[in-house]
Each structure stands twice: as structure tokens, then as C-alpha cells.
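*Asks:* any chance you could fold what I've pasted below:
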Amino acid sequence: MLLSARSNQFRFSFPRSFIPPEVADKYRPYFNRMPGGLIKEPIDYWNYGIQSINLPGVSYSPVEQEEFRGGTKTFRGSVPIEKLFQNELTVTMQGFDGWINYWMAIDTFNYYYNLTGKFPHLPEGNGIQILDGEGTALVTVRLKEMIWSSVSSLDLNFSSNTIEFQTFDLGFNYNSIDFKIDLV
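*Replies:* As a prediction, this is how the structure comes out:
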């Protein structure tokens, strides 16, 4: 019997160095006040909020050539295949009480946007791992030279006073993609 693919069989987390020390120090007192001491580092809180990711797709527009007597023929282009992948990644985060992780996102986005110097890209992590039904990583997708491009808007209103599952999106762009398929 063949099992159907499940959308929740992936592993992704931001690297430990993703939240810069200035931002981590700003939010650490808040986490120290949380009962139970579950959160030791802001990056743990951050990674706990990851709900989904949108892996990039691949496509191209065929080259068309007009024939002498009418009609057209289509051909594959000459662009390298790694350039055919959309260079965008969306990470959806669950909003937590007080939208603390949203404000962490804004502070961290500001840090990376204002970053000038020799490190223009985000720190590289372990990539996105696609798992089988037993939890074995079959495919690892690495997105290299990523930059952070957006934080979605925050919609607040007085007409909803119930606790409900709400999310916000983070947008990233990357310069190259690499797949490692390990089926053994």
C-alpha cells in the first residue's frame, strides 16, 4: 500500500544565530517572566511559531520560433535550471500572545535591512528537510544567500475578542537553490 504525502512532514528551523544578540537581549526579560521557564533563548520561541513554508516552484516560458511557411515551433530555453526556480520563500508564523514574535520579526527585519558591511545575507541553517512517514529525511533543500524581503501586515480589530489561531507571513528571497536527495 502506498502512503499519500502529508504536508506536515517537513523539518525547518531558523539557525541559532538568526536572532541577533541586540534583539535577543531586548526580548530575553520577557521570556524570563514566562512561567515554567520553558523558553531559554528567543530563537526557541521564534522557531516554535513556524507553521508552514512555501517551497519555490520551477517553470519557464518556451522559446517560440516562427516557421518559414507559417506555424510556430517551441523550444526549451538556454537558462540554467537553477535560475528557473522562483527565488522566493514564504514562512508562515503563528502569532503568540501580545504578538511578541511579530514584534521580534519587525526588530530582526530592521536589523538585517540596516545591516551594511561584509554580511549582506542571512545566516545559513540546516535547510528544509522533507521527511517520510517514519521521520527519515529524504530530501534536503538548501536556499543560499538569502535576504529577508517582507513581514506581512498585522490586522487588529475590536470586533473579535476571542482567542483564535492567527498567523503572519515572512518573505525571503534567495540567490541559489540546492537539492540533496538521499533515499538510502
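*Asks:* what about residue 17, distance to residue 111?
*Replies:* 12 Å (Cβ to Cβ, to the nearest Å). The C-beta positions use only the backbone N, C-alpha and C, and glycine is treated the same way.
*Asks:* who's more crowded, the two?
*Replies:* Set residue 17 next to residue 111 and count neighbours by other Cβ atoms under 10 Å: residue 111 wins out with 15 against 12.
*Asks:* shouldn't that one be within a helix?
*Replies:* Yes - using DSSP: H, G, I helix; E, B strand; the rest coil, the assignment for residue 111 is a helix.
*Asks:* nearest residue to residue 93 other than its sequence neighbours?
*Replies:* residue 49 (4.5 Å; Cβ to Cβ, 6 or more residues apart in numbering).
*Asks:* tell me if I'm right that the one you found and residue 97 touch.
*Replies:* No - with contact defined as Cβ atoms under 8 Å, residue 49 and residue 97 do not form a contacting pair (11.3 Å).
*Asks:* and those two? Which one has more around it.
*Replies:* residue 49 (19 against 8).
*Asks:* residue 25: what secondary structure?
*Replies:* helix.
*Asks:* tell me, how many residues neighbour it?
*Replies:* Residue 25: 11 neighbours (other Cβ under 10 Å).
*Asks:* what of residue 58?
*Replies:* 11.
*Asks:* in the sheet, which residues pair with it? Tell me.
*Replies:* residue 85 (DSSP bridges).
*Asks:* need the pLDDT of the nearest residue to residue 141 once chain neighbours are set aside.
*Replies:* Spatial nearest neighbour of residue 141, chain neighbours left out: residue 128 (4.4 Å); criterion: Cβ to Cβ, 6+ apart. Confidence at residue 128, expressed as pLDDT, is 91.
*Asks:* repeat that for residue 37.
*Replies:* pLDDT, residue 37: 72.
*Asks:* separation between it and residue 31?
*Replies:* In this view, residue 37 and residue 31 are 9 Å apart by Cβ to Cβ.
*Asks:* which stretches of this protein form helices?
*Replies:* 21-33, 42-48, 100-114 (DSSP state H).
*Asks:* can you list contacts of the shortest one?
*Replies:* With contacts defined as Cβ atoms under 8 Å, 6 or more residues apart in numbering, helix 42-48 is touched by 13-14, 16, 18-19, 23-24, 27-28, 31, 39, 96, 100-101, 104.
*Asks:* now with 10 Å, please.
*Replies:* Residues from elsewhere that reach helix 42-48 (Cβ atoms under 10 Å, 6 or more residues apart in numbering): 12-21, 23-28, 30-31, 34, 38-39, 41, 93-94, 96, 100-101, 104-105, 108, 125.
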